[in-house]
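Chemist: Let's see this in three dimensions:
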Amino acid sequence: MELPLGVIVGLREEPEESVRKVHDLGLPTCQISCWRVELLNEEVAGRLGEAAERYGVKITTIWTGYPGPAVWNLVDGPSTIGLVPRRWRKERLEALKRGSDFAHMLGVGSITTHVGFIPENPKDEDYLTLIPLLREIAEYCGERGQYFCFETGQETPVTLLRTMEDVGTGNLGVNLDPANLLMYGKANPVDALDIIGKFVRGVHAKDGEYPTDGRSLGKEKPLGEGRVNFPVLIPKLKSLGYSGPITIEREVSGEQQVRDILRAKEILEPLCKG
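Modeler: Numbers count the residues shown, from 1 in each chain. Modelled structure (predicted):
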């Protein structure tokens, strides 16, 4: 079974440059990431769809961000990221619905996001009040024929499993980011598949290390230089029936990002074909 490769790119008001980048990297698929909710409109969707068709690029999910702060560390992250912080729930739920509408305009079958540091205690009030919100956005996506996908990282795999069980809609998926599981100190990604593997509908090919202190995330690394064991991870995904894309993510910019993406492509191609 051959898995298609892709890359995650940001949404712009004029999205052709982002789609052309995917094409120029020689990749057939991409995830579109958007943190500017105002761009999730019909005009941008039209331009994005035209560019994707022109360059022969398949959009596999709309990675939907949201308004308000998001601090990517272990101290302020729990109070700022995702739907867990109560201060931002209303605005962020509406942003995710706009992401779903935007995906529907494009015929894309899912949206993906970070839900946040889901409490491990299922009796925690933040957890109990989170579940109905997740059910609301999942049902909204379901009405549009879409999956709602949780990107891994800020919660343990068993907490994520319990959350999906408690939400209980039939259209929940996981976007496996193996580096995040390491960088947040939550799990070994290969072992995590024993818990959440059957729900995986997307994968970020990103590499990284465990944290070295209790406040900061572990360091992201170029693919092949971190602790993610891709030669074991990808065959295990295939053995679980995964047939979706492997989407390269490298959170640096400029020429270094391009070099690292091309190197990741070189490493991943034989694993995805094998």
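Chemist: where along the stretch 151-274 of the chain do the strands fall?
Modeler: Counting by DSSP state E, counting those that start in this stretch, residue ranges of the strands within the stretch 151-274 of the chain are 172-176, 200-205, 207-208, 220-221, 246-248.
Chemist: Show me what the second one pairs with in its sheet, parallel or antiparallel.
Modeler: Strand 200-205 has its sheet partners listed here by DSSP bridges as strand 172-176 (parallel), strand 246-248 (parallel).
Chemist: can you check the third one too?
Modeler: For strand 207-208, the paired strands and their directions (DSSP bridges) read strand 220-221 (antiparallel).
Chemist: got the contact list for the residue lying closest to G197 once chain neighbours are set aside?
Modeler: Leaving aside its sequence neighbours, G197 sits nearest to L240 (C-beta to C-beta, 6 or more residues apart in numbering; 4.5 Å). For glycine as for every other residue, the C-beta is placed from the backbone atoms N, C-alpha and C. Residues in contact with L240 (C-beta atoms under 8 Å, 6 or more residues apart in numbering) are 193, 197-198, 200.
Chemist: G185 versus L240, what's the distance?
Modeler: 24 Å (C-beta to C-beta, to the nearest Å).
Chemist: what does V71 give?
Modeler: 16 Å.
Chemist: ok, the two, which is more surrounded?
Modeler: G185 (15 against 12; other C-beta atoms under 10 Å).
Chemist: For E220, see how far away the residue lying closest to the more buried one once chain neighbours are set aside is.
Modeler: Nearest residue to G185, sequence neighbours excluded (C-beta to C-beta, 6+ apart): P211, at 4.9 Å. According to C-beta to C-beta, P211 stands 12 Å off from E220.
Chemist: what touches both of these two?
Modeler: M183.
Chemist: The two: which is more packed in?
Modeler: Set P211 next to E220 and count neighbours by other C-beta under 10 Å: E220 wins out with 20 against 17.
Chemist: Give me the nearest residue to that one, chain neighbours excluded.
Modeler: G208 (4.6 Å).
Chemist: Check L39 too.
Modeler: L11 (5.4 Å).
Chemist: follow-up on the earlier one: among the contacts of L240, who's most crowded?
Modeler: Neighbour max across these (other C-beta under 10 Å) = L193, 24 neighbours.
Chemist: Which residues are in contact with it?
Modeler: L193 touches 176, 200, 233, 236-237, 240, counting by C-beta under 8 Å, 6+ apart.
Chemist: What of R92?
Modeler: For R92, counting by C-beta under 8 Å, 6+ apart, the contacting residues are 66-68, 82-83.
Chemist: and if we set it to 7 Å?
Modeler: Contact analysis of R92 by C-beta atoms under 7 Å, 6 or more residues apart in numbering lists 66-68, 83.
Chemist: Check S18 too.
Modeler: 9-12.
Chemist: of those residues, buried ones?
Modeler: Listed as buried from the contacts of S18 are 9-12; burial here means 16 or more other C-beta atoms under 10 Å.
Chemist: Once you drop chain neighbours, what's closest to I137?
Modeler: L96 (5.0 Å).
Chemist: Just the buried residues of the helix or strand hosting the one you found, please?
Modeler: Taking DSSP states H and E as the criterion, L96 maps to helix 89-106. The neighbour-count check on helix 89-106 (16+ other C-beta under 10 Å) flags 89, 92-93, 95-106 as buried.
Chemist: next one: stretch 109-121
Modeler: 109-119.
Chemist: Ok, which of the strands paired with strand 200-205 comes nearest E16?
Modeler: When those are compared by C-beta to C-beta, strand 246-248 sits nearest E16, at 19.8 Å.
Chemist: Pull the distance from that closest one to the chain's centre.
Modeler: Distance of strand 246-248 from its chain centroid, counting by C-alpha atoms, centre = their mean, to the nearest Å, is 10 Å.
Chemist: SS state for W63?
Modeler: strand (DSSP: H, G, I helix; E, B strand; the rest coil).
Chemist: Could you find the closest non-adjacent residue to it?
Modeler: S33 (4.0 Å).
Chemist: spatially speaking, which residue is in the middle of the protein?
Modeler: Among the residues of the chain, the one closest to the centroid is E151, at 4.3 Å (C-alpha atoms, centre = their mean).
Chemist: re earlier: now list the buried members of the contacts of R92.
Modeler: 66, 83.
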